[in-house]
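Visitor: A structural model of the following input is requested.
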Amino acid sequence: MSYGTNHKSYIVLYGDKDSLSLIFRGESNVFQSIKFNLSNLHIHEFQDLALLNNRKIELDGTRNSAVCMSSECFIYYPDESCSHTTGGTGQLWIRNVYLESSHEAVLSGTFGFEVNDPSKVK
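Guide: You can find the predicted model right below:
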């Protein structure tokens with residue numbers, strides 16, 4: 001299920017698979033979005049996002065990863081690969097989670113990660 005109302009960020013929740021994607025849009029000459037693919041965090045329904053409060057998540061590039069995307073196809077086809085980079089490694093620290101309603105949340109925190117950009121490898 002996809003949540004997001006301002007077209008700047010989205011939470012795509014796959015509760016039966018215990019996985020989710022956090023998608024943040026931005027302004028860049030190279031990439032339009034950053035997407036965090038996260039799993040095995042015990043997030044099965046929207047209210048479970050509160051479990052992410054003050055949680056550091058290791059981005060190992062496989063189970064939990066970050067990708068930079070230049071396309072907006074994730075809005076219409078969230079399962080389709082739209083990335084130009086491969087699974088990034090680093091850390092995502094979700095410092096605060098505020099559930100505004102049953103379908104709106106505010107997540108704040110910091111992140112750092114490294115990705116491989118296949119278009120730059122020769």
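
Visitor: next SSE after the helix or strand of the chain with the lowest mean pLDDT?
Guide: In the chain, no helix or strand scores lower on mean pLDDT, DSSP states H and E than strand 2-3, which sits at a mean of 48. Per DSSP states H and E, the first helix or strand lying C-terminal to strand 2-3 is strand 9-14.

Visitor: which residue ranges form the strands in this structure?
Guide: Using DSSP state E, the strands found in the chain span residues 2-3, 9-14, 19-25, 33-39, 55-60, 65-69, 89-99, 105-114.

Visitor: Lowest average pLDDT across these?
Guide: Within the strands of the chain, confidence is poorest for strand 2-3, with a mean of 48 (mean pLDDT).

Visitor: Switch the strands of the chain over to CSV; also include mean neighbour count.
Guide: The C-beta positions use only the backbone N, C-alpha and C, and glycine is treated the same way. Putting the strands of the chain into CSV (neighbours: other CB atoms under 10 Å) gives the following:
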stretch, mean neighbour count
strand 2-3, 15
strand 9-14, 18
strand 19-25, 20
strand 33-39, 20
strand 55-60, 15
strand 65-69, 22
strand 89-99, 16
strand 105-114, 14
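
Visitor: Pipe those into TSV and attach distance to residue 49 per row.
Guide: Shown next, in TSV, are the strands of the chain (distance: least, CB to CB, whole Å):
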stretch	distance to residue 49
strand 2-3	9
strand 9-14	7
strand 19-25	8
strand 33-39	11
strand 55-60	10
strand 65-69	18
strand 89-99	6
strand 105-114	5
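
Visitor: Who are the contact partners of residue 61?
Guide: With contacts defined as CB atoms under 8 Å, 6 or more residues apart in numbering, residue 61 is in contact with 86-89.
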